[in-house]
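> When you get a sec, could you give me coordinates for this:
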Amino acid sequence: MAVEKNINYTNTLLTVIILAYNHEKYIRKSIESVLRQKTKFKYQILIGEDNSTDNTLSIVKEYESKYPDKVKVIVQDPSKKIFICGKPTGRHNFLSLMKSIKTKYIGLIDGDDYWIDDFKLQKQIDLLEENPDCTLCACNCYYDSEQSGKLYNSPPRLVIVNKKKIYEHDLVAEIVPFHPSTLIYRTSSLDFYDWYETILGVDFGIFFTLIKKGPFIAIEDVCSVYQRNDGSVTKSRKGFEDIVQLEYIKMYSKFDELTDYKYKKQFNKFKANNYYNLVFLKINNDLKNARLYFWHIVKLLKFKAIFDIKILKLFIRLYFPGIISIKKWKTKSL
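From the prediction side, this is the model:
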């Protein structure tokens, strides 16, 4: 069920949401990168502080005091924390702030990410104003490896060409074409559904509902840096890897439904890869379920499974384990 939103645009054109939780090492750099933005329009900064256990709250409050007309801090109610795969998340922080915005556009950045182009907002807003059919604007980003201290180009996903419009089939081909810290949303295009609270990847869910309203657009400029760490549900999987894989399968089924089953073959391939991962998670200690997941792969891939050498080897390993050693041939995906 979608949540109706009565949009009442203010004189401020854009709100930048900063999601903050235990970011004392990074939050100043993140906020300063937003404050440095050079724009021809008014924008405001809304910081969602999600009950950090470090010094993050006092730092963001400091900025609120210093820039009272620009920065506002919202401290979330800990009782409203949303758990996914049994793990507490920042989902309520994200969704509650997104629903509250009344400006024409919404920018987003995590408190451990930062922007490196002082004209990021102006470039993206200009593009959205020139293309009123577009619902979202993205840019490229670097990955900042916390361990090595080096910047890396983001892994190639969509080939983002300057001002290229991105349609539903492009999104299905890649699923995650952009990093959240690069995005500007058109507020009027956003709807909010109950299932946003439970789906594994809410960013992906928003992409698939937005793309039905209009295409995305992207600039090739590298404007943002993503600070890699292990805090998210999908990265800190130790102890519940199998649950995450099953949640991915549910997520792809939802996207298949949202796209009216036009890309069923592609989504079946994605789900088959998750079942493939599940087989190898269970093969040594839960052979019954490993075999069950194998037959899900066969059902999803149908005739292709008969001629796939990896699936044949997997069948032999599951039913004639002395013939093939698992270590010799397991690959990352089908």
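> Now do Pro68: how many residues are near it, please.
9 (other C-beta atoms under 10 Å). C-beta coordinates here come from the backbone N, C-alpha and C atoms, glycine included.
> what secondary structure does it sit in?
coil (DSSP: H, G, I helix; E, B strand; the rest coil).
> That one and Thr15, how far apart?
Counting by C-beta to C-beta, to the nearest Å, the gap from Pro68 to Thr15 is 16 Å.
> same thing with Asn268?
For Asn268, the distance to Thr15 equals 39 Å [C-beta to C-beta].
> Same question for Ser224.
Using C-beta to C-beta, one obtains 17 Å as the distance from Ser224 to Thr15.
> Let me know the helix or strand that the residue nearest in space to the middle of the chain is in.
If you average the C-alpha coordinates of the chain and look for the closest C-alpha using C-alpha atoms, centre = their mean, you land on Asp203, 4.0 Å from that point. Element membership for Asp203, per DSSP states H and E: helix 202-210.
> in that helix, what's buried?
Applying a neighbour-count criterion of 16 or more other C-beta atoms under 10 Å, the buried positions in helix 202-210 are Val202, Phe204, Gly205, Ile206, Phe207, Phe208, Thr209, Leu210.
> For it, give the mean pLDDT please.
Predicted confidence along helix 202-210 averages 94 (mean pLDDT).
> how far does it sit from the chain's center?
9 Å (C-alpha atoms, centre = their mean, to the nearest Å).
> Just the helices from the stretch 1-150 of the chain, written as ranges.
Per DSSP state H, counting those that start in this stretch, the stretch 1-150 of the chain carries helices over the ranges 27-35, 56-66, 91-100, 120-130.
> Could you list every helix and strand that the third one packs against?
Put plainly, it is helix 91-100. Contacting helix 91-100 under the criterion 3 or more C-beta pairs under 8 Å, 6 or more residues apart in numbering; DSSP states H and E are the following elements: strand 14-20, strand 43-49, strand 192-193, helix 202-210.
> returning to what we had before: next, format the helices of the stretch 1-150 of the chain as CSV and append mean pLDDT and mean neighbour count.
Formatted as CSV, these follow (pLDDT from 0 to 100; neighbours: other C-beta atoms under 10 Å):
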stretch, mean pLDDT, mean neighbour count
helix 27-35, 98, 20
helix 56-66, 98, 17
helix 91-100, 97, 18
helix 120-130, 97, 19
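> which stretch among these comes nearest His296?
Taking C-beta to C-beta, helix 91-100 is the member of the helices of the stretch 1-150 of the chain nearest to His296, at 27.8 Å.
> Tell me which stretches of the stretch 151-300 of the chain form strands.
Taking DSSP state E, counting those that start in this stretch as the criterion, the stretch 151-300 of the chain carries its strands at 151-153, 164-166, 184-186, 192-193, 216-228.
> May I have the strands that pair with the second one, each with its orientation?
Strand pairing for strand 164-166, using DSSP bridges, gives strand 216-228 (antiparallel).
> looking at this protein, which helix or strand does the model trust least?
The helix or strand with the lowest mean pLDDT-type score in the chain, counting by mean pLDDT, DSSP states H and E, is strand 2-3 (a mean of 48).
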